[in-house]
Each structure stands twice: as structure tokens, then as C-alpha cells.
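S.K.: take this sequence and fold it.
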Amino acid sequence: MSRKGKVLVAMSGGIDSTVSALMLHNEGYEVVGITMKTWDYATSGGAGKETGCCNLDSFNDARMAAVQHGFPHYVLDLREEFGNYVVTDFIEEYIAGRTPNPCVLCNTHIKWAALLKRANAMNCDYIATGHYVNIREENNRHILSKAKDLTKDQSYVLWGLGQECLSRSIYPLGNFLKSEVRQIAYDMGYKELAKKAESYEICFVPDNDYRAFLKRNVAGLEEEVNGGNFVLKDGTIVGKHKGYPFYTIGQRKGLDIAMGRPVFVTNIIPETNVIVIGDLEDLMQSETIVRGINMIKYDAFPEKGMEVTTKIRYRDPGMDSFLQPIDGGVKINFSHAVSSIAPGQSAVFYEGDDVVGGGIINRK
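M.R.: Sure, this is the predicted structure:
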């Protein structure tokens, strides 16, 4: 048994998780590698080559790295749990007129839960992943914060992790730039891995066409919702759309409607199969409601509220805002109006680089 402890490392076969596992191994941890199969590409119905982390090549890459460095590696089949929770939620959210964030759900409810369960079964002290975030302990809280490489920072998608997960998590790449990680992989002899391209697609929508995925997986959906109305904010009907689940807040392209000027989706009303369109200024909001809150830095928000920086999407630079606790969530008042706030997406609150907490954007 290593004096540093035993760590279960999630290995996707990509550069980040492989380098994380090898760094921990070289630092003296007793490493156990595990690759989680969450989706079977063949069932997705997409066209093109298999990509992402749930393919045989990735499994083999992860296994070979473990074998070469003398630590065990296992494959964990999570397809049933993933399908029952993440994919079902993805479909239900679009049917409800919202825009889901499946990576947040997968991290929070599937991958980390599975990692902790297997870590306990294998008597592992820690779990580790290749995410670009940092973690520290302060005031009896385990605090998630942004990575050194802000272009790769993934704290936004990990806001839902509880204190138990965070207290046992190690993130070896938090203080490295992506370019440095590529160099480490190259120096370790993984020259091809160092050049491996990254996938930004949803793993179960590999062709990046969520509309086609919905049509394939919801019987009769297209016939049910086709032919709804495009309306202006005053209710004036200006055209027909192809079904409300196939549109997202802020969408401009693909509306197939001639208005003589650029128009955007500003609201989705599933009850009546109506899409509201308008000008760019109609997308601007100065406040919104967030529910399903998970606290990270503090036990709770102060009753008087607090000032934070709020991100409403992954690539969002963030906006100064004030959080006011309400029954079942918080109300966000932004210092300046922000564009395209989409119900179903995550809002994550920061104090400097630290994640205060996060939740799901609601209509009300």
C-alpha cells in the first residue's frame, strides 16, 4: 500500500485522463484505472465515424497505458444508468421547451456516483479525473475553483458535485496549461496521444444533430409538433415552424422565415407549440430565477444576499450580479442585461476563482 494512498482514476483514453493517471502513478499513489462506458455509439443512429470517449479505441488506449505502467485497469458499464437518467432527462427537457445540459447531469449523478461507489468497493482513498479545475479545503469546506488554464477550465460543469465527492477528489491538471499537458504526454512517450484531437460533441449525439436524435428516439414527435406558429411578442403570427423542441433560445440560423431583418428565438411555449421570435434586444434580460441549488464554498447563501459573478453557459465570461435567496432557489439580478438566458441551462456563481455554487435556470 502506497503511503500516499490508493486512487481510482477515471481514464477515457484521452490525453488529459491518461496524463493524470501517469502523474499520480509517478508521484507514488497506488493507481487503479477505470474506464466508464456510458453510451453505445451504434444505438445512436448517427452517421459518420465513432468518436468521443465511448469507443473501443479509447478503451484500448486507456488499458494500454495502465498495462505499460503496471497498474490495474477495469471497464465499467454504465449504459443502463446513463440512458435511464441522462438521456431520458435530455429528451424530457427538450419536450418541456427547455435546453438541457447533459454533461452536468452525467458528471454529478452518473460518473462521480459510480466512481465513489467503485472506490469504496476497492478500498480506494481517492478518486481522480483529468478535469481542468482546482480544489482546496478551507473552513471545513472543499472548494472547487478555476484552473490555471482559463481556456480549458471546467468548473462550470462540476458545480453539482457534493462535499463527499469533492473531499475525495484529486485533479492533477488544475495548475497546468493544456500545452504543458501535451508536452508531458510527449515526454512520456505518448507522441500520438499528445496530438490527439479533442471532441466537444455530446457523446450520445455524435453527429451533433440533437434534432435528429429526438426524432429517432421519440416516436411520433415530428408529426405531433410540426406546424406550430412563429409569433412576435405581441402575439402576431408571422409563420410556421417545424416543432418547438427543435429550437433553442437565442437561435437565429435555421428559422426559415423571412422578416427582412435578423430575428431570434426569444421564448418557447410548449403548451401551445409556439415559438416567439424577436430582435436582439428582446433576448436581453436583467434578472432570472435559478433552482436546484448546490452549495460548494458556503453552507448557504446569506439571507441578505451576496454579490457574485454568474456564468449562464460554459463559454460565458461571466457577469457581475447579485443573488437574493428566495423560496426554493435564488433570484439573480445582473449588473447589465445579458443575452439568451435559456431555461434548463446551468447558472454557476463565482467569488473570484472559487465556485460558490450553481443551479438550473428556470422560467419563474
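S.K.: pLDDT weak spots in this structure?
M.R.: 1-2, 41-56, 199-200, 364 (pLDDT under 70).
S.K.: tell me where it has helices.
M.R.: For the chain, the helices defined by DSSP state H occupy 15-27, 56-69, 79-82, 88-95, 102-105, 112-121, 163-167, 178-187, 191-194, 210-217, 221-225.
S.K.: the longest one packs against which elements?
M.R.: Spelled out, that is helix 56-69. helix 15-27, strand 30-37, strand 73-77 (3 or more CB pairs under 8 Å, 6 or more residues apart in numbering; DSSP states H and E). Where you see a C-beta, it was placed from the backbone N, CA and C, and this is true even at glycine.
S.K.: mind checking how far the residue nearest the centre of the chain is from W159?
M.R.: The residue lying closest to the centre of the chain (CA atoms, centre = their mean) is C103, at 3.1 Å. Distance of C103 to W159, computed by CB to CB, to the nearest Å: 11 Å.
S.K.: and if you look at I91?
M.R.: For I91 relative to W159 (CB to CB), the value is 23 Å.
S.K.: these two: which is more packed in?
M.R.: W159 (25 against 18; other CB atoms under 10 Å).
S.K.: once you drop chain neighbours, what's closest to the more buried one?
M.R.: Once flanking residues are discounted, W159 sits nearest to G358: 3.0 Å by CB to CB, 6 or more residues apart in numbering.
S.K.: mind listing the residues bridging to the one you found?
M.R.: Counting by DSSP bridges, G358 is bridged to N294, V348.
S.K.: hmm, Q345 and it touching each other?
M.R.: No. Contact criterion CB atoms under 8 Å: G358 and Q345 do not qualify, at 10.5 Å.
S.K.: higher neighbour count, these two?
M.R.: Between G358 and Q345, counted using other CB under 10 Å, the more crowded position is G358 (28 against 23).
S.K.: distance of the more buried one from M36?
M.R.: Using CB to CB, G358 is found at 23 Å from M36.
S.K.: just P102 next, same as before
M.R.: Distance check for P102 against M36: by CB to CB, it reads 15 Å.
S.K.: between these two, tell me which one has more neighbours.
M.R.: Neighbour tally, P102 and M36, criterion other CB under 10 Å: the higher count belongs to M36, 24 against 20.
S.K.: if I pick the more buried one, what's in contact with it?
M.R.: Counting by CB atoms under 8 Å, 6 or more residues apart in numbering, M36 makes contact with 10, 12, 75-76, 78, 111, 114.
S.K.: just those residues now: which is nearest D61?
M.R.: Ranked by distance to D61 (CB to CB), the contacts of M36 are led by S12 at 8.6 Å.
S.K.: I'd like the distance from the closest one to K331, if you could.
M.R.: Going from S12 to K331 by CB to CB gives 38 Å.
S.K.: neighbour-wise, which of the two wins?
M.R.: S12 (21 against 15).
S.K.: backbone phi and psi for that one, please?
M.R.: With angles defined as degrees, to the nearest 10, S12 sits at phi -90, psi -10.
S.K.: show me what contacts it?
M.R.: Counting by CB under 8 Å, 6+ apart, S12 makes contact with 35-36, 53, 58, 62, 130.
S.K.: cool, N333 as well?
M.R.: Contacts here follow CB under 8 Å, 6+ apart; on that basis N333 touches 286-287, 321-322, 324.
S.K.: quick check: phi and psi on L161?
M.R.: Per degrees, to the nearest 10, the backbone of L161 is at phi -70, psi 140.
S.K.: who's in contact with it?
M.R.: For L161, the contacting residues are 107-108, 112, 144, 169, 294, 296, by CB under 8 Å, 6+ apart.
S.K.: repeat for G318
M.R.: So G318 contacts 309-311, 350 (CB under 8 Å, 6+ apart).
S.K.: returning to that earlier point: of the contacts of L161, which is the nearest to N362?
M.R.: Taking CB to CB as the measure, N362 lies nearest N294 of the contacts of L161, at 14.9 Å.
S.K.: any idea how far C165 is from that closest one?
M.R.: Going from N294 to C165 by CB to CB gives 11 Å.
S.K.: okay, these two: which has more neighbours?
M.R.: Higher neighbour count among N294 and C165: C165, with 20 against 16, using other CB under 10 Å.
S.K.: setting aside sequence neighbours, what's the nearest residue to that one?
M.R.: Closest residue to C165 apart from its sequence neighbours, by CB to CB, 6+ apart: W112 at 4.8 Å.
S.K.: since we're on that neighbour, how many residues are nearby?
M.R.: Using other CB under 10 Å: W112 sits among 23 other residues.
S.K.: and it, what does it touch?
M.R.: W112 makes contacts with 127, 161, 165, 169, as judged by CB under 8 Å, 6+ apart.
S.K.: what residues of stretch 195-205 count as buried?
M.R.: By 16 or more other CB atoms under 10 Å, the buried positions in stretch 195-205 come out as 196, 202-205.
S.K.: for the residue lying closest to G305 once chain neighbours are set aside, give me its contacts.
M.R.: Once flanking residues are discounted, G305 sits nearest to Q324: 4.3 Å by CB to CB, 6+ apart. Residues near Q324 by CB under 8 Å, 6+ apart: 305, 330-331, 333.
S.K.: which one of these is nearest K4?
M.R.: Distances from K4 to these, taken by CB to CB, are shortest for V330, at 39.3 Å.
S.K.: which ones are touching the residue lying closest to N273 once chain neighbours are set aside?
M.R.: Excluding the flanking residues, the one nearest N273 by CB to CB, 6+ apart is G228, at 3.4 Å. G228 makes contacts with 240-241, 243-244, 272-275, as judged by CB under 8 Å, 6+ apart.
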